[in-house]
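[1] Here is a sequence with its predicted model. Questions after.
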Amino acid sequence: MVNAVLRGVTWTTLGRGFDRVTDLIRYVVLARLLDFQELGSFGIVALVGMGFQALTYTGFRQALIRRAEDPRPLYDTTFTIEMIRGIFLAAVTVAAAPYLAWYLNAPITGLLQAESLTMIFFGAVSIGTIEFDRNLDFHKTVLMTRSATIASLVVGIALAFLLKNAWALVIADLTRAGVTMVLSYYLHPYRPRLAFNRAYASELFTFGRWLTVNAIGLFMLQQFDSLFLAMRLGPTALAPYQMAYRLAMFPINSLREVIYTVTLPVFSRIIDDPPRMGRAYSQIYLVLITIVMPGAVLVACYANELLYFALGPEWMPAVPIVRVLCILGLLQVFTCTIEPVFQSLGTPHVATISQYSQMAVLVPLVWALTDNFGAMGAAIGATVAGIVPAVILLVLLVKRIPTTAGPMITSSLGIVLPTVTLIATSLFVRSAMPDLSPHAATFSIPWLYSFALTLLGVMMSLASFAAALFIMESLMPIGIRNVISQIRTSLKREPSSDN
């Protein structure tokens, strides 16, 4: 089963990583083409859409994935409810758009109404695709999401050159949703029909009710800072903050959905075997911390160069915000690995309790600090509040599955020296680099020279981290060599035995 976890993580990481990279490329290109007002307007549209989705989140897919019996009898009821939900959300969005535009003082009425179509498209996605996750057949999910991402990237960039406004982003979102819906029926033979069974619906809602509350809390936790910033300072202030958040969270967000997608079906099969559960969790934690830690440190150390070369000098005020939010990204390693454990155990309320505890700290902190320090205050408030769920979930995990404590401590200690080495190398390399000059902000010989030096510095920093990691593996084995070996094996399509 450990190999099943790593096989799923490997396949899904390839797909989600590709999605995240292409998304980042799209936003970097669009940031060069669109001004803060247009980017911020679309940011508000996205926030409203995510808020409506969270308020009505069902959690039915997770319920079907973890169901011990055959879930097929529930497919049509699930599909019908999701379709009704999508149509309802679209209607509410269309009706509320003018009032939201007035309240937020942003020209987003038409954008919101067009974006509402994505809710219908996603609601109509074939329910049969849950079998990709349930059967650990993740390469089909990768194919579906990658195709939609490529289509969205091409359409978004092409229209940005032509339109020079936020409509390019909205139409790109519609393209992604439409392609996902079409491919879901192409890749899976199941053809759902409109039907409703009260008993099945009751079973789904019984499991999903906590996930609904959990989704609302998660939205508030992840987006309250952006939402409050938009309400207080408008779309022009929101754009650089969201870009800083996107860069800082890139390492963890590239793997967050991977962890949820892969671990829930796997953990659900071994909930009665704590030693295997602990072994599987420890492998996931080791993989995640080994990837996210250097990623977050590199983003923080080279934030100045990242924003300067990718976006331009006008984005430089966002550098300190990026560095603060990188700490928040590291804290989320714990939440995104532990929450699926409690979901698989049939106790999703644990994550809900931790999230609402965090919210009790987040809301007053962000409110007070944003009013006094603007976007930097919002970043500090969100980061400090992020400590709360990490502590709560860690304590509850060790109490429920004691076998996770030892490997987690070993992995965490083993990553300390490589991280210190990475930071020291990055600071040394940056101190030896020449100052960035204004004429290097555009594509030219000075730009290429400065960019090449930065790229060399990043490579040297990564090399120092890898060397220190394998030295630590020799002195205090943390299992990284074993994980690499298992990942190679897991790339094979045939199921492998548990170790």
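    Received, thanks.

[2] Just give me the longest helix of the chain.
    Using DSSP state H to assign secondary structure, the helix with the most residues in the chain is helix 198-233.

[3] So, low pLDDT: which residues of this protein?
    For the chain, the stretches with pLDDT under 70 are 1-20, 68, 136-138, 257-258, 261-262, 264-266, 434-447, 479, 481-499.

[4] how about the strands in it?
    For the chain, strands defined by DSSP state E do not occur.

[5] Work out which residue lies at the spatial centre of it.
    Asn253 (3.0 Å; C-alpha atoms, centre = their mean).

[6] ok, now how distant is the closest residue in space to Gly123 that isn't next to it in sequence from Leu111?
    Of all residues not flanking Gly123 in the chain, Gly86 sits nearest, at 2.2 Å (C-beta to C-beta, 6 or more residues apart in numbering). For glycine as for every other residue, the C-beta is placed from the backbone atoms N, C-alpha and C. Distance from Gly86 to Leu111, counting by C-beta to C-beta, to the nearest Å: 19 Å.

[7] can you check Pro192 too?
    31 Å.

[8] between those two, which one's more packed in?
    Shown here are Pro192 and Leu111; by other C-beta atoms under 10 Å, Leu111 has more neighbours (24 against 19).

[9] residue contacts, that one?
    With contact set as C-beta atoms under 8 Å, 6 or more residues apart in numbering, Leu111 has these partners: 41-42, 45, 166-167, 170.

[10] now do Tyr285
    Tyr285 touches 333, 337, 404, 407-408, 411, counting by C-beta under 8 Å, 6+ apart.

[11] any idea how far Thr337 lies from Leu174?
    Going from Thr337 to Leu174 by C-beta to C-beta gives 33 Å.

[12] Which one of those two is surrounded by more residues?
    Thr337 (25 against 18).

[13] pretty sure Phe342 is in contact with Leu396, am I right?
    Yes. Under the criterion of C-beta atoms under 8 Å, Phe342 makes contact with Leu396 at 7.5 Å.

[14] Touching both of those two, which residues are there?
    Val350.

[15] Please identify which of the two sits among more neighbours.
    Neighbours per residue (other C-beta under 10 Å) separate Phe342 from Leu396, with Phe342 holding more: 21 against 18.

[16] Excluding chain neighbours, what is closest to the more buried one?
    Leaving aside its chain neighbours, Phe342 sits nearest to Val350 (4.1 Å; criterion: C-beta to C-beta, 6+ apart).

[17] contacting residues around that neighbour?
    339, 342, 393, 396.

[18] and which of the residues you listed is nearest Leu365?
    Leu393 (19.7 Å; C-beta to C-beta).

[19] Quickly note the distance from the closest one to Thr335.
    Distance, Leu393 to Thr335, by C-beta to C-beta: 6 Å.

[20] shared neighbours of the two, which are they?
    Common neighbours of Leu393 and Thr335 (criterion: C-beta under 8 Å, 6+ apart): 351, 354.

[21] At which residues are the helices of the stretch 201-350 of the chain located?
    In the stretch 201-350 of the chain, helices defined by DSSP state H, counting those that start in this stretch lie at 235-248, 250-269, 274-301, 303-310, 319-344, 349-373, listed in chain order.

[22] Is it possible to get JSON lines of those helices that adds distance to Asp23?
    Shown next, in JSON lines, are those (distance: least, C-beta to C-beta, whole Å):
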{"stretch": "helix 235-248", "distance to Asp23": "8"}
{"stretch": "helix 250-269", "distance to Asp23": "9"}
{"stretch": "helix 274-301", "distance to Asp23": "15"}
{"stretch": "helix 303-310", "distance to Asp23": "14"}
{"stretch": "helix 319-344", "distance to Asp23": "16"}
{"stretch": "helix 349-373", "distance to Asp23": "25"}
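
[23] so which of the ones you listed gets nearest Phe132?
    Among the helices of the stretch 201-350 of the chain, helix 250-269 sits nearest to Phe132 (C-beta to C-beta), with 9.2 Å.

[24] before we move on, back to that, most neighbours out of the contacts of Leu111, which is it?
    Neighbour-wise, the contacts of Leu111 (other C-beta under 10 Å) top out at Ser41, 30 neighbours.

[25] Need the residues that contact stretch 44-57.
    Outside stretch 44-57, the residues that touch it by C-beta under 8 Å, 6+ apart are 85, 88-89, 92-93, 100, 104, 106, 108, 111-112, 115-116, 118-119, 166, 170, 208, 211-212, 215-216, 218-219, 223, 226-227, 230, 235, 238.

[26] I'd like to know how far Leu394 sits from Ser354.
    Counting by C-beta to C-beta, the gap from Leu394 to Ser354 is 10 Å.

[27] Looking at those two, which one has more neighbours?
    The neighbour count for Leu394 versus Ser354, taken as other C-beta under 10 Å, is higher for Ser354 (27 against 17).

[28] measure that one to Val388 for me?
    The gap separating Ser354 from Val388 is 7 Å, by C-beta to C-beta.

[29] Likewise for Trp315?
    31 Å.

[30] Also Tyr200?
    37 Å.

[31] out of the two, which sits in the busier spot?
    Between Tyr200 and Val388, counting by other C-beta under 10 Å, Val388 is the more crowded of the two (21 against 18).

[32] The more buried one against Gln358, yeah?
    Yes. The criterion here is C-beta under 8 Å, and Val388 meets it with Gln358 at 4.3 Å.
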